[in-house]
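In: Take this sequence and fold it.
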Amino acid sequence: MAVLNDEQVMLRDMAREWADNESPVSAFRKLRDAAPAKGFDAEAWTTIGQMGWAGVVIPEEFGGSAFGYLSLGLVVEQLGRNLAVSPLASTAVAASAIVMGSSDAAKNEWLAKLASGEAVATLAIDEAPVHGGQISATVSAGKLTGTKRFVAEGDGADVFVVAAEDGLYLLAKGEGVSVSTRKMVDNRSHADVTFNGAPAEKLGGTELTQSIIDRATAVSAAEMLGMADSAFNQTLDYLKQRVQFGQVLSTFQALQHRMAKMKTELELMRSAVEGALEAIDAGRSDVDQAVSLSKAIANDTLRLVSREMVQLHGGVGMTDEYDAGLYLKRAATLETMWGTASYHRDRFARLNGY
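Out: Sure thing, here's the model as predicted:
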């Protein structure tokens, strides 16, 4: 478990309080039913920008706070606890691509807008349902052509960080860019985006592409950590108050064993996820290994906890009245984003020479 400084503790607590008071699961339900075109609550996003969370990994000279990825992960974790719908993760990681990139024009045009929440950014990397496939988008005379699938927050994004064969490019929504909404079980934005000769500004080569993918993977694991923690606690609370066969369910030893297993897996997950975020902040040489380890563990643990949440709630766990199904659906989506558990176990093995 990471040792947090005073600023990080304050940031985490502020995010938790805001998520509980302003963005509980009931807010997700309202957004799901309203189905806004952008896929998120614009008013809530404005508030997030005003609180400075969108600029956590952006340098101070561009309006950010440069608190780092562990701090970003703490915020994303707290939002994940309540299934809060926000483009924070996609915007922050896309902003990192601009920060780490070589284009001063992109930095000057976009970073201040992203830090304040005035604009939304996202990553357009994958071209198929399975992460890690061949990237075939091409650039000719400063124009990019290609199609990207399952672009998180693509419906509401103002600017895209796009992976092409030779690296990352920045493209603004507009000329040569078309967005098609895709409906998925988690009721979040996962658009298909087609670029047809769209003006593109190069940010960096393929090494930058992989660095940004690792950052996106680590942040998604942080969201999964928040979800798993909340799902566990909701299940524990239910077992403590539900009476069956004349006894409170939490008194049954078999159920105690299942909860104990989940708790130990959650502690392991927290260590792995926070370890990956710390590795990014420290610029360690084993960031790729730490990220793959964290995502593999996060996938396995959230799958376990979300399914047990449904099972231990019994029949009501299958109904929309209870929140268990909402966590299960979001978990199923996040498991496949940026690589499944098997993908990251294989990658971890390859990185270690096996």
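In: Check which helices and strands the helix or strand containing Arg330 sits against.
Out: In this structure, Arg330 sits in helix 324-336 according to DSSP states H and E. For helix 324-336, the elements it packs on are helix 25-34, helix 206-241, helix 287-312, judged by 3 or more C-beta pairs under 8 Å, 6 or more residues apart in numbering; DSSP states H and E. Glycine gets a C-beta too; all of them are placed from N, C-alpha and C.
In: could I have the shortest one exported to PDB, CA atoms only?
Out: Taking Å, rounded to 0.1, in the frame of the first residue of the first chain, the C-alpha atoms of helix 25-34 are listed here in PDB:
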ATOM      1  CA  VAL A  25     -24.900   5.400  -7.900                       C
ATOM      2  CA  SER A  26     -28.300   7.000  -8.100                       C
ATOM      3  CA  ALA A  27     -26.700   9.800 -10.300                       C
ATOM      4  CA  PHE A  28     -25.400   7.100 -12.600                       C
ATOM      5  CA  ARG A  29     -28.900   5.700 -12.900                       C
ATOM      6  CA  LYS A  30     -30.300   9.100 -13.800                       C
ATOM      7  CA  LEU A  31     -27.700   9.600 -16.400                       C
ATOM      8  CA  ARG A  32     -28.300   6.100 -17.900                       C
ATOM      9  CA  ASP A  33     -32.000   6.900 -18.200                       C
ATOM     10  CA  ALA A  34     -31.400  10.400 -19.700                       C
END
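In: pLDDT of it, averaged?
Out: Per-region confidence: helix 25-34 scores 96 on mean pLDDT.
In: all numbers from here: first residue = 94
Out: That works, and once the first residue is 94, the last one we named lands at helix 118-127.
In: Just the buried positions in the next helix or strand after it, please.
Out: As assigned by DSSP H and E, the chain's next helix or strand after helix 118-127 is helix 135-143. Neighbour counts over helix 135-143 (16 or more other C-beta atoms under 10 Å) mark Ala137, Trp138, Thr140, Ile141, Gly142 as buried.
In: next SSE after helix 135-143?
Out: Sequence order places helix 162-174 as the next helix or strand after helix 135-143, per DSSP H and E.
In: which other residues reach that next one?
Out: Helix 162-174 is contacted from outside by 95, 97, 100-101, 104-105, 108-109, 111-112, 116, 146, 149-150, 179, 181-182, 185, 308, 311-312, 315-320, 322-323, 366-367, 370-371, 373-374, using C-beta atoms under 8 Å, 6 or more residues apart in numbering.
In: Buried only: go through these for me.
Out: Burial by neighbour count, 16+ other C-beta under 10 Å: within those this picks out 95, 101, 104-105, 108-109, 111-112, 116, 146, 149-150, 179, 181-182, 185, 308, 311-312, 315-320, 322-323, 366-367, 370-371, 373-374.
In: and the helix holding Arg423, how far out from the chain's middle?
Out: Relative to its chain's centre, helix 417-429 lies at 12 Å (C-alpha atoms, centre = their mean, to the nearest Å).
In: So what's the model's average confidence on that helix?
Out: What helix 417-429 shows for mean pLDDT is 97.
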